[in-house]
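Trainee: how would this look folded up:
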Amino acid sequence: MAKDTEKKSKGGGSGCLMLFGLPFAGAGLFVLYMALSAPLDAWRMADWPEVDCRVLSAELEEHRGDDSTTYEVKARYRYTFNGREYTAERVSVHTGGDNIGSFQQDTYQQLAEYERSGEPFRCYVNPSDPSEAVLFRDLRWGLVVMMFLFGMVFSSVGLGLIAFGVWGGRLAKQQSALAALHPDEPWLHRPDWGEGQIRSTSKMRLWFSLVFALFWNAVSSFVWFAIPEVLEDGEWWVAALMGLFPLVGLGLIAWAAYEVARWRKYGTSVFQMASVPGVLGGTLAGVIRIGRLIEPREGFKLTLNCIRRSTTGSGKHRSTHETVLWQDEQLIGRTLSAGEPNVTAVPVMFSVPYDQPASTVEDTNRDIIWRLEVKAEVPGVDYYAAFEVPVFKTEDSREDFQADTRPISEYAVEADPEVELRRLGVRRTLPPVGFGTRLVFPMGRNPGMLVGSFFFSAIWVGAIWLMLHLEAPILFPIVFGLFGLLIVWVTLELMLYRSTVDVDERGLTVRGGWLGLGRNVRIERGEIEIAIE
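Mentor: So this is what the prediction gives:
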């Protein structure tokens, strides 16, 4: 009964995820449609002839919400085209109300004045259908960018939740069927675990990067055509903000291209387990098979992590983070004979502690994941693969387990500290005075993360600037501004933080801060030994 309830809750969780994503996707796609339809209508109306019209009525509708008020100007006007008289009501290329800037109020004042005076105004008429006309056909690029920004965020979140819910629902049904067949062997509840043939996540990363880059660039492609017109109107600040979207798109294309290059070079690696599952108080062993011959000069770095993935909150306040509970590393300097051409076989053998938690099969708010990662620096695109492996307590588990390391010792090598320091961007020098070693953690030692954070900060600050310029409700720039301060601070931290660690026989001296300016913290050797114990 308990298992049936668990299965239902798991399937229900996928359904709830899709239902939760639907309003986000629907609202986001609708806003994107509105944002893109206005430029298309403006392009369609560009050749419509201008004719005189008389404003029959003009009014300004006010819609009050909980924290904002929107305005919409409405009007009726009469005009003559090819000897026939028509009446129309469309005011602007943009439809509906808004509170971005003062366009609605200013337009109402202008039209109301023409209504009172009876003087002729002008409108633009569709020559193919003279009953269709518009009074203002100029685009409000600030409104377009604002709608595009919110539409992209909401639709991306919603569609992602729906896709994840569909995938999760299918996986839940498959795992439920396997759980019924093997109730006491949870490592057989997943097909890849049961077969002992675990594929890397490279294909998932590849498709995610491609879909996300394609979606972003397809939606933002209209910006390339709009920027020249905006610059002609002197709205350079709007053009600068709009330019951030294709710049982000170029970054996403570069990311997707890198993943494609990695896929073409290595394909999907497979971890063939020596026995299923990996044993708590035992070993995790097997062979990683790579569909290409590679011989990295500094070997293959293998890392086995026990990770707790915790999910807190619900709805829009839901968040997930990972905590490493245990970790072990190996450096493999020599590979196995793969038995077939153009294949690299990397041996794997880790001793797994008895007191660590077992893998989680069913989705919960506190999942345990055992992840095997493999990295190698090679010319061109570096090799990387990750595998989610099953680790459980079995009849072979022993609290006092002592691994026989002889099978792996002829392949594993000692890690070179200098190589590890270079990989981390750390320099080792002599201290300015005394004896010992100084480790220097320079500014900007994570250039990839710094560039990504910089562009994200620029987009965020640009959005706040646009909100202020367009006089959006004050709540929006305040909330965005608070988060913006945090984002900018993180970017400055990545750019400017520098630290040094001086090591001598008596202990450590640590100093860190922006530009390396900070107070010295002394840690005596005895304190370090106590902390390790």
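
Trainee: these two touch, right, residue 442 and residue 427?
Mentor: Yes. Using CB atoms under 8 Å, residue 442 is in contact with residue 427, at 6.7 Å. The C-beta positions use only the backbone N, C-alpha and C, and glycine is treated the same way.

Trainee: what's the straight distance from one end of stretch 120-135 to the other?
Mentor: End-to-end distance of stretch 120-135 (CA to CA, to the nearest Å): 12 Å.

Trainee: who touches that stretch?
Mentor: When contacts are defined by CB atoms under 8 Å, 6 or more residues apart in numbering, stretch 120-135 is touched by residues 45, 48-55, 75, 77, 79, 81-82, 84, 86, 88, 90-93, 111, 114, 137.

Trainee: Recalculate using a threshold of 7 Å.
Mentor: 45, 48-55, 75, 77, 79, 81-82, 84, 86, 88, 90-93, 114, 137 (CB atoms under 7 Å, 6 or more residues apart in numbering).

Trainee: gap between it and the chain center?
Mentor: 45 Å (CA atoms, centre = their mean, to the nearest Å).

Trainee: Can you mark which positions in that stretch are buried?
Mentor: For stretch 120-135, the neighbour count (16 or more other CB atoms under 10 Å) marks 121, 123, 124, 125, 126, 130, 133, 134, 135 as buried.

Trainee: Out of the helices and strands in the chain, which is least certain?
Mentor: helix 525-532 (a mean of 58; mean pLDDT, DSSP states H and E).

Trainee: Which helix or strand contains the residue lying closest to residue 341 once chain neighbours are set aside?
Mentor: Once flanking residues are discounted, residue 341 sits nearest to residue 293: 7.9 Å by CB to CB, 6 or more residues apart in numbering. If you go by DSSP states H and E, residue 293 is not part of any helix or strand.

Trainee: unless I'm mixing things up, residue 293 is touching residue 342, no?
Mentor: Yes. The pair residue 293 / residue 342 is scored as a contact, 5.5 Å apart, by CB atoms under 7 Å.

Trainee: could you check the distance from residue 458 over to residue 209?
Mentor: Counting by CB to CB, to the nearest Å, the gap from residue 458 to residue 209 is 21 Å.

Trainee: Correction: the previous question concerned residue 372.
Mentor: Using CB to CB, residue 372 is found at 22 Å from residue 209.

Trainee: neighbour-wise, which of these two wins?
Mentor: Neighbour tally, residue 372 and residue 209, criterion other CB atoms under 10 Å: the higher count belongs to residue 372, 23 against 20.

Trainee: so which helix or strand takes in the more buried one?
Mentor: strand 366-376.

Trainee: Could you give the average pLDDT over that strand?
Mentor: The average pLDDT for strand 366-376 rounds to 90.

Trainee: cool, stretch 39-47 as well?
Mentor: The average of the pLDDT scores along stretch 39-47 is 92.

Trainee: same question, stretch 204-217
Mentor: pLDDT averaged over stretch 204-217 gives 83.

Trainee: contacting residues around it?
Mentor: Stretch 204-217 is contacted from outside by 248, 249, 252, 253, 255, 256, 259, 260, 263, using CB under 7 Å, 6+ apart.

Trainee: any chance you could map the helices in the stretch 301-450 of the chain?
Mentor: Secondary structure of the stretch 301-450 of the chain (DSSP state H, counting those that start in this stretch): helices located at 406-409, 417-423, 447-469.

Trainee: Within its sheet, name the partner strands of the helix or strand hosting residue 122 and how each one runs.
Mentor: Assessed by DSSP H and E, residue 122 sits inside strand 121-125. Strand pairing for strand 121-125, using DSSP bridges, gives strand 50-64 (antiparallel), strand 133-134 (antiparallel).

Trainee: how close does the residue of the chain positioned farthest from its centre get to residue 52?
Mentor: In the chain, counting by CA atoms, centre = their mean, residue 83 sits farthest out from the average C-alpha position, at 58.2 Å. Here the distance between residue 83 and residue 52 works out to 14 Å (CB to CB).

Trainee: thinking again about what came up before, are any of the contacts of stretch 204-217 buried, and which?
Mentor: The neighbour count (16+ other CB under 10 Å) marks 248, 249, 252, 253, 255, 256, 259, 263 as buried among these.

Trainee: now those residues in JSON lines, with distance to residue 105?
Mentor: Shown next, in JSON lines, are the buried ones among the contacts of stretch 204-217 (distance: CB to CB, whole Å):
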{"residue": "248", "distance to residue 105": "33"}
{"residue": "249", "distance to residue 105": "35"}
{"residue": "252", "distance to residue 105": "39"}
{"residue": "253", "distance to residue 105": "41"}
{"residue": "255", "distance to residue 105": "44"}
{"residue": "256", "distance to residue 105": "44"}
{"residue": "259", "distance to residue 105": "49"}
{"residue": "263", "distance to residue 105": "54"}
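
Trainee: got any ranges where the stretch 301-450 of the chain has weak pLDDT?
Mentor: Of all residues in the stretch 301-450 of the chain, those with pLDDT under 70 make up the ranges 312-319, 338, 362-366, 415-416, 434.

Trainee: Tell me where the model's unsure across the stretch 51-200 of the chain.
Mentor: 65-67, 168, 171, 174-175, 178.

Trainee: mind listing the helices for it?
Mentor: For the stretch 51-200 of the chain, helices defined by DSSP H, counting those that start in this stretch occupy the ranges 103-117, 141-181, 191-195.

Trainee: would you list the ones you listed in a markdown table and tack on mean neighbour count and distance to residue 520?
Mentor: Listed next are the helices of the stretch 51-200 of the chain as a markdown table, based on neighbours: other CB atoms under 10 Å; distance: least, CB to CB, whole Å:
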| stretch | mean neighbour count | distance to residue 520 |
| --- | --- | --- |
| helix 103-117 | 16 | 58 |
| helix 141-181 | 18 | 44 |
| helix 191-195 | 16 | 51 |
